[in-house]
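Engineer: Any chance you could fold what I've pasted below:
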Amino acid sequence: MDNVIKIRSQRDSKVFIRVKNGHFVTANDHINCYVGTSDIKHNHTVSNDTAMLLSEYYIAHGIEVDSVLCLYETQALGAYLAHELSRPSMLSSNTNKNIYVLGPEYDAQGNIIFRDNLQRMIKNKKVVILISCITSGKTVEKAISSVGYYGGSVVGISAAFSAAEKIDGIEVNSIFTEKDLPGYEVYEAKDCPLCKGAVPVDAIANGYGYSKL
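Structural biologist: Numbers count the residues shown, from 1 in each chain. Down below sits the predicted model:
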């Protein structure tokens with residue numbers, strides 16, 4: 001990416017995101033800044049350190065976790081998170097516990113479905129939803145509903161970056177927030193000032209990355 005700024009976590013300088021200003025279109029909204037989390041999802045060292053930071057929230061709050069539902073290629077991060085949560089600790093509620101890590105499958109309407117062999121990992125389980133970036137929170141809202149359909153309960157939401165503090169009353173556990181990105185804005189498509197100002201769209205973005213136009 002050109003004109004990219006690297007922003008490091010104040011809690012661990014080895015954990016970072018890459019941000020690029022512009023006009024980006026997501027599935028639900030328009031944003032004026034793209035947040036890149038490829039290293040957090042695909043770099044072993046960065047992913048492991050990120051998981052350590054995210055796990056601190058659940059350990060500190062004594063939250064029991066049975067399963068981690070990983071959205072948008074966060075399965076590696078989810079595995080590291082499960083490992084951190086289950087490590088021997090006097091403070092953790094999950095010490096030596098088997099924690100399931102699974103990714104979603106979507107139907108034609110974009111709803112998350114779980115095949116028969118995976119439903120036992122959701123039903124009656126305490127689930128953490130893991131995602132790289134949250135803008136409006138609509139994707140996570142759908143995931144929360146899907147977990148509920150299959151009899152699970154969402155006990156946490158974790159993200160590398162989140163523009164939302166809470167979703168459906170659940171606090172978002174994130175490393176980076178809007179405070180780390182001065183000027184970051186999320187717009188509904190019909191109200192996007194960039195569109196109204198005839199600013200060209202730079203790229204279509206989603207949880208996997210972005211494609212230039």
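
Engineer: Low-confidence stretches in this structure?
Structural biologist: The model of the chain has pLDDT under 70 over residues 1-2, 90.

Engineer: quick one: the helices in it?
Structural biologist: Secondary structure of the chain by DSSP state H: the helices cover 38-42, 44-60, 75-86, 138-149, 193-196.

Engineer: which stretch among these comes nearest residue 15?
Structural biologist: Residue 15 sits nearest to helix 44-60 of all those, at 5.1 Å, using C-beta to C-beta. C-beta: built from backbone N, CA, C; applies to glycine.

Engineer: what's the nearest residue to the residue nearest the centre of the chain if we skip its chain neighbours?
Structural biologist: With distances taken as C-alpha atoms, centre = their mean, residue 131 lies nearest the centre of the chain, 1.9 Å away. Excluding the flanking residues, the one nearest residue 131 by C-beta to C-beta, 6 or more residues apart in numbering is residue 71, at 4.3 Å.

Engineer: same deal with residue 161?
Structural biologist: The nearest residue in space to residue 161 (C-beta to C-beta, 6+ apart) is residue 176, at 4.2 Å.

Engineer: residue ranges for the strands of the chain, please.
Structural biologist: Using DSSP state E, the strands of the chain run over 5-8, 16-25, 30-36, 67-70, 100-102, 105-106, 112-113, 126-134, 153-162, 166-167, 170-177, 186-187, 203-206, 209-212.

Engineer: Export these to TSV and append columns for distance to residue 119.
Structural biologist: Putting these into TSV (distance: least, C-beta to C-beta, whole Å) gives the following:
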stretch	distance to residue 119
strand 5-8	39
strand 16-25	34
strand 30-36	33
strand 67-70	11
strand 100-102	10
strand 105-106	12
strand 112-113	10
strand 126-134	12
strand 153-162	14
strand 166-167	23
strand 170-177	22
strand 186-187	34
strand 203-206	26
strand 209-212	30
